[in-house]
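Novice: next input, structure requested:
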Amino acid sequence: MNPTPENLQHLANFLGQTLSPDPTARKGAEAQLNQAKVQPGYPLLLLRLVGASEPAAEIRLQGAIQLKNLINNHWIASESHDFSISDADKAAVKAEIVSASMTVPEKLQPFLSESLSTICNADFPLDQKWPELLPQLMSNLDSDNPAVAVATLKIIHAIAQKYVTASHTDELWAEIKAVLALHERLLRTHSSCLAMVQQQSGNKAILEVLFQTLELLARIFYDLNYQDIPEVFEDNLDVWMQGFHQLLNLPDPVKALFNDNDEKLSSLYQMQRAICEALHLYADKYIVIVDDSDRGSRPDERPVFQKHLGTFVEDVWALLTHLGVQYQFDQLAAAAIRFLSSVLKGTHYTFFQPAHLQSIVNNVVVPGLRIRESDEEDFEDNPLEYMQRDLEGGVTDTRRGVTCELVNAMCIHFEAPTSQLCMTEIESALNQYQADNSKWKAKDAAIYLFIALAVKAETKAGGVVMINPHVDIVSFFQRYVLPDLQAVTAANVSKNPILMADLLKFLLIFRNQLPKEAYAVMFPILNVLLTSQDCIVHTYAACCLEKMLTVKDGEVPRVGRVELQPMLQPFLTNLFAALNHTASKENPHIMKCVMRMINVAQADVVTVAALLAGKLTEILSDLCNVSSLHLETLAGVIKQICVAGDVNAVNAMEGMLLPPFKMVMEQDITEFQPYFVQLVAQLLEKRPAPIPEVYVQTLPILLQQPVWASKANQPALSRLIKAYINRITDVIIANQALFHQILGLIQFLMMSKMTDNYAFGILNSILCHVPSSKYPEFLPVLTNAALDRFQKLPQASNGKFLRGLIVFFSLYIAKHGPEMLLDQLESTQAGLMEQFLTHVWVPKLNQVVNDSIDKKVCQIGMCRLLCESPRAHKYGCWATAMDAVCKSLQNNRGGIHMNNNVEDDVDFEFLVSYNNSSFMALHNAAQDKAATDPLPDVPDAGRFVIEKLQQTASQAPNLAPTIQTLAQQYQLS
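Specialist: Residues are numbered from 1 along each chain as shown. All right, here's what the predicted structure looks like:
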């Protein structure tokens, strides 16, 4: 596919059609592009189109996206993708992509930079697959064209930014050293830009380009210094630091050119932000952070940067005190505050004296915590974004968030004086509010400052675990939080929502520190707050309730099933009512609270089954509003109702779930299929008999091969088919066509390495539930199909197919004895079982079988083969095989006498996301580990083996000496 004008025009046409509103045209174009991507020359054709000036801007943009995706997915060979780009095409792309990045419009540069980054991760400098890259970049940095210099620096940053996240290895450090060949030119560019800033101090247009260049240089400085300080940077650190100092202290006329009211941060401040981040890196990583107790034996420090530290503390302090409070300055303020925080936490905290602390509190902390007009607008207009920042960790990127970090840093070495200063400010602000309730912003700031001061350590799941000893949480709650909460009524529940959200956040954060008596007081108040019309207030109330239900006193939940029961229906009623608000229709925090409540209520869920069924039916009626959390909640309801055994409640759940399940499967709504299949499997596994006919009617849909094409569907579908075989075995056997469909599905799945494990799973279920009298009709065919696949495996394979085959043979023997399988294998080839046992089963058993239940099956199956079959008694590998069984038992359980029936204790904690488009296994729908054991009648495999060996020793005297040796070696008793 040569980059001829005709081919470029064809490609442009197809790319244009991918933007068509006509789905037929769009899908046709996408199919054509999917076919074209495997053709030789296609990557270069895409690159040429992106660099051409003739196609429309939107077509070039689409081409850049296609090129980025093609390189990201197919530059490196991978099992998850169907092809990889050829070496010839790679060479063609590498020959032109750097120069193309210099000339394409700025809007397209990020896509080419990402493509370059992917290529560099694979080919640079590994084995010198791209030796031309560095010389080309060096040459471009020597260009007098500012646009070329900026584009080149973007490429270098795209290459080097991976050093920030990569693990330190010798190979990585060797790569960084290779890139450091650019240092001389980087420093020269830095110096020339500094000189031009002075020369062009009145020309804003030129300064824009200079500041953009200097920002990129600061970011590359950060990238290349992240792993360690390279020698070439250490030798020239004075030059770099003098330049940074100059750029943080630009003259007022220059700053005036960029002090406009644009909502976007100007290039000057973007550059200063990058410099502050570089300084923070040095202060955080290269000035050792120690406790006071360690100061007598201080670890190695970096004296090269130490002499610059005082200068930069003053520079950054001056920058902060003159920085506006507008939200566009938040990221610059965050970088500056983090630098100061690192100094405060480190060994050089003595730069700060008590007088400095007062100034920091007055000039940085208090202003940084005050609510701004932009915060109020976000609270009203973007509640989900506001909560995402405030509840999910994004708050550290805000002015308030980093100010809280600064207070924490001050408390490391100056806890007592910082606490005194902050408490004085807090008391003053609270007095203002008490004197005049209209000054709610003062109380808002006071609560934020108190939280920042009080919390010394916390975890996302467990809450606050360490408190500043200079503050009294309970006293503050009783004096300043509880009175306002107790004043809440149905009539004023939506009054002053920002302050109410602050009070709820206090309750959420300090839930562990509040006494149990406070919970009884707070639950009715929280129930009222759930009725607030304000999205954030009723969401924070739900979050408080959900987290309070997780608190434990030792190992005992502070709120259990008994304490929750009186409030269960009122809480659920108001939680579901909150979902009717426009802003909360897809609110994950509310659904998480419902889910937590269901798990705490346990069997009491039956008392609210009608309420749950009605609301969940309403939610499922519009799949556009359904998230994985809704389905997780439904799984929790099914779990508790099935445990309670309430048939009416189970029928209600089926009436709610099965119609949308059929629709999702029949209409091929792929994003929901894995979830609904899990839910139906859970219901079918647990519901009381008899099984309704509607399940039988649905089964044929699940056996169609296209449904299995999606990897996300396969685990859930396999589980559901096994549940069918378990619960309606007689119906399936009686319906010969249906049974043959299942057998055909097994053969289909067996032929692919991506699905063969699911084939064995279904086949094992048949071994457990289908009468052995039916086996001659189908098992020889399936067993031979498995052996055919086995013969085609690589000789050194330790993969899942071998595991599946070994477990299948083991279960066959464990359930039905050895003779049936032996007869079948011997009819295929004489001596086949002994060969398989000698060369595969024994040597691979402890390599490929890791699951505890699979190990148990293999131990019992191999033991029955070796001990019960007279033919097996003559095998030359008998001693080795039985030794493998004993070793497996010992390795699996740390001793042959231990019982393996231990269920994992899984912590129930969910990460809430506003985008739940990817597949996730439903926690509440998970199978009980014990329920998946196909041999429940053998609780202890070790005892089983011992008894079988004792019987064999008396029945086969020739094996008695070997058994005696094993008994001594493994302490069998």
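Novice: counting neighbours, what do you get for A283?
Specialist: 25 (other C-beta atoms under 10 Å). Bear in mind the C-beta positions are built from the backbone N, C-alpha and C, glycine included.
Novice: what helix or strand does it sit in?
Specialist: helix 267-285 (DSSP states H and E).
Novice: any idea of the mean pLDDT for that helix?
Specialist: Averaging pLDDT along helix 267-285 gives 93.
Novice: now the next helix or strand after that helix: mean pLDDT?
Specialist: Heading C-terminal from helix 267-285, the first helix or strand you meet, by DSSP H and E, is helix 303-321. The average pLDDT within helix 303-321 is 87.
Novice: following element in sequence after helix 303-321, please.
Specialist: Note on helix 303-321: by DSSP H and E, the next helix or strand toward the C-terminus is helix 330-345.
Novice: which positions within the biggest helix by length in the chain qualify as buried?
Specialist: Using DSSP state H, we find that the single longest helix of the chain is helix 399-435. By neighbour count with 16 or more other C-beta atoms under 10 Å, helix 399-435 contains the buried residues 399-414, 417-419, 421-423, 425-426, 429-430, 432-433.
Novice: any idea how many residues pack against D142?
Specialist: Neighbours of D142 using other C-beta under 10 Å come to 12.
Novice: now it: phi and psi?
Specialist: D142 has phi and psi values of phi -80, psi 0 when expressed as degrees, to the nearest 10.
Novice: residues contacting the residue nearest to it when sequence neighbours are not counted?
Specialist: Nearest residue to D142, sequence neighbours excluded (C-beta to C-beta, 6 or more residues apart in numbering): R185, at 6.8 Å. When contacts are counted by C-beta atoms under 8 Å, 6 or more residues apart in numbering, R185 is found next to 138, 141-142.
Novice: helix or strand right after the helix or strand containing R185?
Specialist: Assigned by DSSP H and E, R185 falls within helix 183-199. Following helix 183-199 in sequence order, the next helix or strand is helix 204-225 (DSSP H and E).
Novice: give me the mean pLDDT for that following helix.
Specialist: Here the average pLDDT along helix 204-225 is 96.
Novice: give me the buried positions along that helix.
Specialist: 204, 207, 209-225.
Novice: against which helices or strands is it packed?
Specialist: Contacts defined by 3 or more C-beta pairs under 8 Å, 6 or more residues apart in numbering; DSSP states H and E place helix 204-225 against helix 146-160, helix 183-199, helix 231-235, helix 237-248, helix 252-257, helix 267-285.
Novice: comparing those helices, which comes out most buried?
Specialist: Most buried of these by mean neighbour count (mean count of other C-beta atoms under 10 Å) is helix 267-285; its value is a mean of 23.
Novice: next one: that one to chain centre, how far?
Specialist: 28 Å (C-alpha atoms, centre = their mean, to the nearest Å).
Novice: now the angle from that helix to helix 183-199?
Specialist: 130 degrees (axes from the mean of the first three to the mean of the last three C-alpha atoms, to 10 degrees).
Novice: need the residues that contact stretch 195-207.
Specialist: Contacts for stretch 195-207 (C-beta under 8 Å, 6+ apart): 210-211, 214, 246-247, 250-251, 253-254, 257-258, 267-268.
Novice: quick one: the residue nearest to D142 and S191, what's the gap?
Specialist: To S191, R185 is 11 Å away according to C-beta to C-beta, to the nearest Å.
Novice: give the buried residues for the helix or strand harbouring P715.
Specialist: Take DSSP H and E as the rule and P715 turns out to sit in helix 714-727. Under the neighbour-count criterion of 16+ other C-beta under 10 Å, helix 714-727 has 714-725, 727 buried.
Novice: can you list contacts of that helix?
Specialist: 673-675, 677-678, 680-681, 684-685, 689, 691, 695, 699, 702-703, 707-708, 732, 742, 745, 755, 758, 761-762, 765-766, 768-770, 921, 927.
Novice: tell me the mean pLDDT for whichever helix or strand comes after it?
Specialist: Past helix 714-727, further along toward the C-terminus, the next helix or strand under DSSP H and E is helix 729-734. Mean pLDDT, computed over helix 729-734, is 93.
Novice: going forward, begin numbering at 43 instead of 1
Specialist: Understood, numbering begins at 43; the last thing we discussed is helix 771-776.
Novice: and helix 771-776, what does it pack onto?
Specialist: helix 778-792.
Novice: report all helices and strands that the helix it packs on contacts.
Specialist: Looks like helix 778-792 contacts helix 735-744, helix 756-769, helix 771-776, helix 798-811, helix 821-833 (3+ C-beta pairs under 8 Å, 6+ apart).
Novice: name the element N76 belongs to?
Specialist: helix 65-78.
Novice: what's the angle between whatever helix or strand comes next after that helix and helix 65-78?
Specialist: Beyond helix 65-78 on the C-terminal side, the first helix or strand identified by DSSP H and E is helix 84-93. For helix 84-93 against helix 65-78, the angle by the same axes, to 10 degrees is 120 degrees.
Novice: hmm, who's touching stretch 161-176?
Specialist: Here stretch 161-176 has contacts from 113, 117-118, 132, 135-137, 139-140, 200-201, 204, 216-217, 220-221, 223-224, using C-beta under 8 Å, 6+ apart.
Novice: filter those down to the buried ones, PyMOL style.
Specialist: A single PyMOL command suffices to select whichever of the contacts of stretch 161-176 are buried according to 16+ other C-beta under 10 Å:
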select buried, resi 113+117+132+135+136+139+140+200+201+217+221+224
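Novice: SS state for M508?
Specialist: strand (DSSP: H, G, I helix; E, B strand; the rest coil).
Novice: how many neighbours does it have?
Specialist: Applying other C-beta under 10 Å, I find that M508 has 10 neighbouring residues.
Novice: OK, contacts around it?
Specialist: 497-500.
Novice: relative to R553, how far out is it?
Specialist: Counting by C-beta to C-beta, the gap from M508 to R553 is 15 Å.
Novice: now do the helix or strand that contains M633: distance to the chain's middle.
Specialist: Taking DSSP H and E as the definition, M633 sits inside helix 630-643. Computed by C-alpha atoms, centre = their mean, the chain-centroid distance of helix 630-643 equals 21 Å.
Novice: tell me the mean pLDDT for that helix?
Specialist: On average, helix 630-643 scores 91.
Novice: packing partners of it?
Specialist: If you count contacts as 3+ C-beta pairs under 8 Å, 6+ apart, helix 630-643 packs onto helix 577-590, helix 603-620, helix 670-686.
Novice: return the member of these having the minimum mean pLDDT.
Specialist: Taking the mean pLDDT of these, helix 670-686 comes last: a mean of 85.
Novice: can I get it in PDB? Just the C-alpha atoms.
Specialist: Taking C-alpha atoms only, helix 670-686 is exported to PDB below (Å, rounded to 0.1, in the frame of the first residue of the first chain):
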ATOM      1  CA  SER A 670     -22.100  -2.100  38.000                       C
ATOM      2  CA  LEU A 671     -22.900  -0.800  41.400                       C
ATOM      3  CA  HIS A 672     -26.700  -1.200  40.800                       C
ATOM      4  CA  LEU A 673     -26.000  -4.800  39.700                       C
ATOM      5  CA  GLU A 674     -23.700  -5.300  42.700                       C
ATOM      6  CA  THR A 675     -26.500  -4.200  44.900                       C
ATOM      7  CA  LEU A 676     -28.900  -6.600  43.100                       C
ATOM      8  CA  ALA A 677     -26.300  -9.400  43.700                       C
ATOM      9  CA  GLY A 678     -26.300  -8.600  47.400                       C
ATOM     10  CA  VAL A 679     -30.100  -8.800  47.500                       C
ATOM     11  CA  ILE A 680     -30.100 -12.200  45.700                       C
ATOM     12  CA  LYS A 681     -27.400 -13.500  48.100                       C
ATOM     13  CA  GLN A 682     -29.300 -12.600  51.200                       C
ATOM     14  CA  ILE A 683     -32.800 -13.600  50.000                       C
ATOM     15  CA  CYS A 684     -31.600 -17.000  48.800                       C
ATOM     16  CA  VAL A 685     -29.900 -17.600  52.100                       C
ATOM     17  CA  ALA A 686     -33.100 -16.800  53.900                       C
END
